[in-house]
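Undergrad: Got a sequence here, can you build the structure:
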Amino acid sequence: MPDNNSADPKPKRFRIAFSFAGEKRDFAAKVARILADRFGEDKILYDKFHKAEFSQANLAFDLPKLYHDSTELIVAVFCPDYPNKEWCGLAEAERLSGSLDAAERDYREGLRIAHVVEYQEGGAIVTGNLALLALSRDDWRGAEELAREALALAGKVGRLELIAGNCRRLAKALVRQGKKQEAFRHAGRAVEIYQKLGSPKLAAAQQILAECESS
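TA: Numbers count the residues shown, from 1 in each chain. Below is the predicted model of the structure:
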C-alpha cells in the first residue's frame, strides 16, 4: 500500500522569483529569460512574464503572498545604489502591507547570504535596514544596537551615504530614549555628510538634530 506520509508536497506555483532595483532590470531580464527558457515563463515570478497581476492596484498587498507562499526560491539582485533604497523590492511591498515580520525575515536571510559570500557592504546595508524596521516598531533599544552595528560596518566600507544613514538611525533611536547628548553628535555627523553629498535626506537629519537641541 502507498505511504501517504511519503507523498511529495504540493509544488508551488513559481520555481524562482526576482527582487531587484530598477537599474538592474537589464541584468535581471537576461537571467529571467534564461530560466524561463528552461522552466517556462509561468514558473518565473518576473513582472514582464505576469503583466496582468503586476498591474493590479493592490499589488503591494498581494506580492508578499506570491513570494512567500507561492515561490520555491527568491533571488535578490543587489546594486551599488542599494543604500539609497531603504525599502526596496519585496521589503517595500511588505512594509506597505504592514508585514514587518516578513520584511525582517527577508532582510535576515539577505544578511545571512551577505555573510556567506563575504559581501561586507551588503551586510552593512541590510543591518541598517533592520535598524529601520526596529524604528518602525518603536523598538528604540533594538534600533540602537542594530544602527551601531551597521555604522561600524559602514565605516569599514567607507561609503558616506551608508555612514550618514546609520548615523541618522542611531540618532533617532538615541533621542527617543532621552540620550540627546550622544544623539546630537550622530545627528550632526549625518547632517554634515548629507550637506556634502547634496542628499535629499538632509531635511530628515536636520529634523532629528533639532529634536536633540530641544529642551
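Undergrad: just for this protein, where's the confidence low?
TA: Within the chain, the ranges that satisfy pLDDT under 70 run 1-9, 21-23, 57-61, 78-93, 95-96, 113, 116-117, 215.
Undergrad: Might one say that Q195 is in contact with L202?
TA: Yes - between Q195 and L202 there is a contact under Cβ atoms under 8 Å: 6.1 Å. In short, each C-beta sits where N, CA and C put it, glycine included.
Undergrad: Neighbour count: the two, which is higher?
TA: Under the neighbour definition other Cβ atoms under 10 Å, Q195 and L202 were set side by side, and L202 has more, 19 against 13.
Undergrad: The nearest residue to that one once chain neighbours are set aside: neighbour count?
TA: If you skip the residues right next to it in sequence, L202 has Y194 as its closest partner in space, 4.0 Å away by Cβ to Cβ, 6 or more residues apart in numbering. Neighbourhood size, Y194 [other Cβ under 10 Å]: 23.
Undergrad: show me the contacts for S199.
TA: Taking Cβ atoms under 8 Å, 6 or more residues apart in numbering as the contact definition, S199 lies against E161, A164, I193.
Undergrad: quick one: which of the residues you listed is most hemmed in?
TA: Comparing the contacts of S199 on neighbour count, A164 comes out first with 27 neighbours (neighbours: other Cβ under 10 Å).
Undergrad: Could you report the distance from that residue to L209?
TA: Remark: distance between A164 and L209 (Cβ to Cβ, to the nearest Å) = 12 Å.
Undergrad: Give me the common contacts of those two.
TA: With contacts taken as Cβ under 8 Å, 6+ apart, the residues that reach both A164 and L209 are A190.
Undergrad: can you give me the strands in this protein?
TA: For the chain, strands defined by DSSP state E occupy the ranges 14-20, 44-45, 71-77.
Undergrad: who does the second one touch, helix- and strand-wise?
TA: With contacts defined as 3 or more Cβ pairs under 8 Å, 6 or more residues apart in numbering; DSSP states H and E, strand 44-45 has these neighbours: strand 14-20, helix 25-39, helix 59-70.
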